[in-house]
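1. Requesting a structural model of the entry that follows:
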Amino acid sequence: MVDPTRGVLYPERLPTFHRVAPEGATAELVEWFWIPEWRLPADEVSRQHVVGYPAVNLVVERDGVGVSGATTRASFRDLRGEGWAVGALLRPAAVGALLDDPAALVDGIRPFAAPDLHDAVAEAMRSGEGHRARATEAFGAWLTARVGVLDDAARQANALAVELLGERGATSPEEATTRLAVSVRTLQRMAHRYVGIAPAAMIRRRRLQEAAQRVRDDPGVDLSRIAAELGYADHAHLTRDFRAVLGFAPSDYRSDAGG
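-> Presented below is the predicted three-dimensional model:
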């Protein structure tokens with residue numbers, strides 16, 4: 001599992017936050033579970049900035065269940081009062097079983113009818129010590145029962161995500177087609193059906209997340225070096241990508257993040 005703060009622009013501002021690895025059969029359906037918990041003073045707001053993974057999330061909160069699509073831009077959420085969420089970053093095999101058209105959900109969120117899932121996870125979150133483990137266990141049990149047995153197409157879709165989003169992922173769609181032994185058209189069709197965005201967009205988001213993490217974690221690193229190591233044409237290309245998605249330059253982000 002990647003660094004738990006990957007994709008979170010200002011991790012020091014997080015409430016209590018955990019990423020939990022799935023176990024057993026759930027590992028074919030969930031990349032990881034994520035659980036924020038917060039209790040804030042009445043007059044305090046905690047704004048959480050995220051450059052999200054190009055993936056679908058199924059999220060249980062106190063007031064219901066929602067499903068959010070892959071994102072193409074940075075976003076934020078303001079936390080107030082007291083609350084929690086238990087989210088599952090879904091692997092493509094799960095997306096194919098739960099959604100007919102994930103592309104229609106890109107940069108959006110909608111309610112998801114799963115009252116039994118909500119009740120099981122909410123009960124676990126109220127259960128005291130060990131509640132997070134019980135919540136993810138209940139979530140995983142519901143999901144594996146809902147999805148059922150995976151076919152070859154679902155497993156191939158999971159392999160696509162590994163090649164496009166993994167730590168040693170492909171640097172271009174063409175490289176991914178070679179690794180997966182599929183045509184460019186097949187790669188595009190799988191990405192649309194199981195993720196909702198194009199393969200090139202998935203690669204760009206992975207690269208930008210890694211660039212942001214390196215800028216934040218190593219204040220002294222040369223930005224031109226980051227650009228070269230991650231496949232950007234040059235420093236200016238990296239800066240344009242930052243501005244297009246995040247709204248600011250990497251140098252500004254480094255200063256704001258404490259570098």
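
2. By residue count, which helix of the chain is the longest?
-> Ranked by residue count and defined by DSSP state H, the top helix of the chain is helix 199-217.

3. Quick check: buried residues in the very next helix or strand once past that one?
-> Sequence-wise, the next helix or strand downstream of helix 199-217 (DSSP states H and E) is helix 223-229. Using 16 or more other Cβ atoms under 10 Å as the test for burial, helix 223-229 gives Leu223, Ile226, Ala227. Using the backbone N, CA and C atoms, a C-beta is placed for each residue, glycine as well.

4. In terms of secondary structure, what does helix 223-229 contact?
-> The contact analysis (3 or more Cβ pairs under 8 Å, 6 or more residues apart in numbering; DSSP states H and E) places helix 223-229 against helix 199-217, helix 235-246, helix 250-256.

5. Could you single out the most deeply buried of these?
-> When the helices and strands packed on helix 223-229 are scored by mean count of other Cβ atoms under 10 Å, the highest mean neighbour count falls to helix 199-217 (a mean of 20).

6. roughly how far is it from the heart of the chain?
-> Offset of helix 199-217 from its chain centre (Cα atoms, centre = their mean, to the nearest Å): 12 Å.

7. Tell me where the stretch 1-150 of the chain is predicted with low confidence.
-> 1-15, 49-51 (pLDDT under 70).

8. how about the strands in it?
-> Using DSSP state E, counting those that start in this stretch, the strands of the stretch 1-150 of the chain run over residues 16-20, 30-39, 46-50, 57-61, 64-68, 75-79, 82-90, 109-111.

9. what pairs with the fifth one, and is each one parallel or antiparallel?
-> Each strand that strand 64-68 pairs with, and the sense of that pairing, follows from DSSP bridges: strand 57-61 (antiparallel), strand 109-111 (antiparallel).

10. Return the distance of Phe33 relative to Leu105.
-> 20 Å (Cβ to Cβ, to the nearest Å).

11. Of the two, give the one with the bigger neighbour count.
-> Phe33 (23 against 17; other Cβ atoms under 10 Å).

12. Contact partners for the more buried one?
-> Applying Cβ atoms under 8 Å, 6 or more residues apart in numbering to Phe33 gives the contacts Arg19, Val20, Ala21, Pro22, Val86, Gly87, Ala88, Leu89, Ala135, Thr136, Phe139, Gly140.
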